[in-house]
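*Asks:* Got a predicted structure plus its sequence, pasted below:
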Amino acid sequence: MNKLFEENLNLAKHNHNFKHGLSHHRLHRLWCGMRARCNNPDKNMYNNYGGRGIKVCQEWLEFTPFYNWAMANGYSDTLTIDRKDNDGNYCPENCKWSTNQEQQRNKRNNVLIEIDGITDTLKGWSERIGIPYSTLHRKYHKDGKIVLFGGKMI
């Protein structure tokens, strides 16, 4: 357990109004945002989360279990919470910490292309085969497909 968190828990034992002392911590802001996206219809992202039936698991309705999971599962200030299954809930089994680049590849609006049994995003294929993303994007949206021959687009 994180030393700051342990110290704050000790303070909480002596002051019943003191919960965790981490309300200004980035992780607390991420937790609040996650709950708001799923539970508050007034939030602009609600339609993409709670409006689609995505929920926060019972365990994570309180900050402390979420904090403990985050610390035990690779949290760092450079990562964001990511759901492995975009249609699944926020819960320990379906969440991981990802970079912004990884997050961008795990979005519902990504175009996924399968070539020779490998599925990747347009951006991923761009990097794999060395063709600029803008070229692949234009070709895909013009023709509705991408045809590769020997690693080159035709």
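*Replies:* That came through fine.
*Asks:* separation between the residue lying closest to Tyr49 once chain neighbours are set aside and Ile129?
*Replies:* Using CB to CB, 6 or more residues apart in numbering and skipping residues adjacent in sequence, the residue nearest Tyr49 is Arg37, 3.9 Å away. No exception for glycine: its C-beta is placed from N, CA and C like everyone else's. Remark: distance between Arg37 and Ile129 (CB to CB, to the nearest Å) = 35 Å.
*Asks:* Could you check which of the two has the larger neighbour count?
*Replies:* More neighbours surround Arg37 than the other of Arg37 and Ile129, with 20 against 15 (other CB atoms under 10 Å).
*Asks:* and the helix or strand hosting that one, which residues are buried?
*Replies:* Using DSSP states H and E, Arg37 falls within helix 26-39. Applying a neighbour-count criterion of 16 or more other CB atoms under 10 Å, one finds Leu27, His28, Leu30, Trp31, Met34, Arg35, Ala36, Arg37, Cys38 buried in helix 26-39.
*Asks:* does the third one really touch Asp77, like I thought?
*Replies:* No: Leu30 lies out of contact with Asp77 (CB atoms under 8 Å); the separation is 10.2 Å.
*Asks:* what helices or strands is the helix or strand following the helix holding Arg37 leaning on?
*Replies:* Once the chain leaves helix 26-39, the next helix or strand it forms, by DSSP H and E, is helix 63-72. With contacts taken as 3 or more CB pairs under 8 Å, 6 or more residues apart in numbering; DSSP states H and E, helix 63-72 sits against helix 26-39.
*Asks:* Quick one: mean pLDDT for the helix it packs on?
*Replies:* Average pLDDT, helix 26-39: 95.
*Asks:* how much does it deviate in direction from helix 63-72?
*Replies:* Helix 26-39 and helix 63-72 meet at an angle of 120 degrees, taking axes from the mean of the first three to the mean of the last three CA atoms, to 10 degrees as the criterion.
*Asks:* Export only the CA atoms of helix 26-39, formatted as PDB.
*Replies:* C-alpha atoms of helix 26-39 as PDB (Å, rounded to 0.1, in the frame of the first residue of the first chain):
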ATOM      1  CA  ARG A  26      -5.100  12.700  -9.900                       C
ATOM      2  CA  LEU A  27      -6.400   9.200  -9.200                       C
ATOM      3  CA  HIS A  28      -9.300  10.600  -7.300                       C
ATOM      4  CA  ARG A  29     -10.200  12.900 -10.200                       C
ATOM      5  CA  LEU A  30     -10.100   9.900 -12.600                       C
ATOM      6  CA  TRP A  31     -12.300   8.000 -10.300                       C
ATOM      7  CA  CYS A  32     -14.800  10.900 -10.100                       C
ATOM      8  CA  GLY A  33     -14.800  11.200 -13.800                       C
ATOM      9  CA  MET A  34     -15.400   7.500 -14.400                       C
ATOM     10  CA  ARG A  35     -18.400   7.600 -12.000                       C
ATOM     11  CA  ALA A  36     -19.800  10.800 -13.600                       C
ATOM     12  CA  ARG A  37     -19.600   9.400 -17.100                       C
ATOM     13  CA  CYS A  38     -21.600   6.300 -16.000                       C
ATOM     14  CA  ASN A  39     -24.000   7.900 -13.500                       C
END
